[in-house]
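**Student:** Could you look at this predicted model? Sequence included:
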Amino acid sequence: MKSLPLIIGDGWGASDKPDSSNLSPDKNTLYYQYVFNSRAVMDPGTTYEKVLYEKGTYRYTVDIASGNVSMEFLAG
């Protein structure tokens, strides 16, 4: 079993479910993506500030056989 990188819901409207997903016709590759219309920062301006995600599209590609995952970020 392989764990996939998933975005955690942030309580401000971002879902933990991908915006889209599909399996290649040969069933060897899984594609999924998250699209964010704005940047999310937790505790901004403090020493605990953490960027949860940037505005844009996060596209993931998963090789089913190996479990290898690649991610492409397209700035929005």
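**Tutor:** That came in fine, so what should we check first? Numbering: from 1, shown residues only.
**Student:** Is residue 36 bridged to anything, and to what?
**Tutor:** Residue 36 has these beta-bridge partners by DSSP bridges: residue 56.
**Student:** brain fart, residue 41
**Tutor:** Counting by DSSP bridges, the residues bridging with residue 41 are residue 51.
**Student:** same thing with residue 63?
**Tutor:** With DSSP bridges as the rule, residue 63 is bridged to residue 29.
**Student:** One more: residue 71?
**Tutor:** In beta-bridge terms (that is, DSSP bridges), residue 71 pairs with residue 60.
**Student:** show me what contacts the residue nearest to residue 68 when sequence neighbours are not counted?
**Tutor:** Nearest residue to residue 68 in three dimensions, chain neighbours excluded: residue 62, at 7.3 Å (Cβ to Cβ, 6 or more residues apart in numbering). In short, each C-beta sits where N, CA and C put it, glycine included. Residues in contact with residue 62 (Cβ atoms under 8 Å, 6 or more residues apart in numbering) are 2, 4, 29-32, 68-69.
**Student:** to the chain's geometric centre, what's the distance from stretch 40-47?
**Tutor:** Mean-position distance between stretch 40-47 and its chain equals 20 Å (Cα atoms, centre = their mean, to the nearest Å).
**Student:** I'd like the average pLDDT over it.
**Tutor:** The average pLDDT within stretch 40-47 is 89.
**Student:** Sort out which residues of it are buried, please.
**Tutor:** Using 16 or more other Cβ atoms under 10 Å as the test for burial, stretch 40-47 gives residue 40.
**Student:** which of the contacts of residue 62 tops the neighbour count?
**Tutor:** Among the contacts of residue 62, residue 32 has the most neighbours (other Cβ atoms under 10 Å), with 19 neighbours.
**Student:** How about residues contacting the host helix or strand of it?
**Tutor:** Using DSSP states H and E, residue 32 sits in strand 29-36. The contact list for strand 29-36 (Cβ under 8 Å, 6+ apart) reads 4, 7, 14, 18-24, 53-64, 76.
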